[in-house]
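>>> sequence first, then the predicted structure:
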Amino acid sequence: MSNLILNAPSHIIPLMEIAFQVDDPVSCKACWVLEFTAKENLGYLFPNIDNFVRNIGSVHLDPAVRPIAKICEILMKSYFQLKDQETLDALNDEHLESITSACFDWLIGNHKVAAQAYSMTSLLLLGRKFDWIHPELRMILEQNYQNGSAAYKARARMTLAKLK
């Protein structure tokens with residue numbers, strides 16, 4: 001399915017419509033396709049980035065949250081680490097703030113570890129722009145560390161080490 005989108009990028013609009021029908025289990029599959037598309041060509045999201053960012057906070061089914069959180073991580077790595085000009089041009093401060101909010105929600109909410117791990121990475125990177133993020137992230141990770149799974153603890157340790 002992602003090849004279909006990659007070959008016809010205009011189909012990303014109806015794909016996002018399905019992905020953000022957040023109570024429909026089919027939306028999870030659309031989110032997976034969106035993730036694979038973003039991995040192959042992140043730029044295909046940019047004409048619809050407003051729609052994407054506006055809706056990410058409403059995604060709540062775990063099989064949909066994971067790919068959306070992964071897309072956010074891909075976006076943040078492209079923006080902060082790769083400093084890809086197309087990404088820098090596509091994302092504004094309002095987008096970054098919405099992604100920040102969604103990532104904190106996924107991190108503190110009752111979500112699976114993968115979404116939390118992707119959120120940790122995104123927030124670590126976003127903290128380069130918004131200086132209030134790192135202290136909040138550190139506090140949350142330290143508070144939740146004892147009750148986290150082994151995978152959560154491993155990613156939290158890695159993130160906390162980078163915060164120091």
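Received it, and whenever you're ready, just let me know what you need.
>>> was I right about Ile140 contacting Ile108?
Yes: counting by Cβ atoms under 8 Å, Ile108 is a contact partner of Ile140 at 6.0 Å. For every residue, glycine as well, the C-beta is placed using N, CA and C.
>>> between those two, who's got more neighbours?
Each of Ile140 and Ile108 has its neighbours counted (other Cβ atoms under 10 Å); Ile140 has more, 18 against 14.
>>> so where is the chain shaky, pLDDT-wise?
Per-residue confidence of the chain (counting by pLDDT under 70) places no residue in a weak region.
>>> can you give me the helices in it?
With DSSP state H applied, the chain shows helices at 2-7, 12-19, 26-40, 49-55, 62-76, 85-90, 93-108, 113-126, 133-144, 150-163, listed in chain order.
>>> quick one: the second one to chain centroid distance?
Per Cα atoms, centre = their mean, to the nearest Å, the displacement of helix 12-19 from the mean C-alpha position of its chain is 17 Å.
>>> now that helix: buried residues?
Residues of helix 12-19 classed as buried by neighbour count (16 or more other Cβ atoms under 10 Å): Ile12, Leu15, Met16, Ile18, Ala19.
>>> kindly report the same for the longest one.
Along helix 93-108, the positions that meet the burial threshold by neighbour count (16+ other Cβ under 10 Å) are His95, Leu96, Ser98, Ile99, Thr100, Ala102, Cys103, Phe104, Asp105, Trp106, Leu107.
>>> would you mind measuring from the nearest residue to Phe52 once chain neighbours are set aside to Val53?
The shortest distance from Phe52 to any non-neighbouring residue, by Cβ to Cβ, 6 or more residues apart in numbering, is to Leu45 (5.9 Å). Between Leu45 and Val53 the distance is 10 Å, computed by Cβ to Cβ, to the nearest Å.
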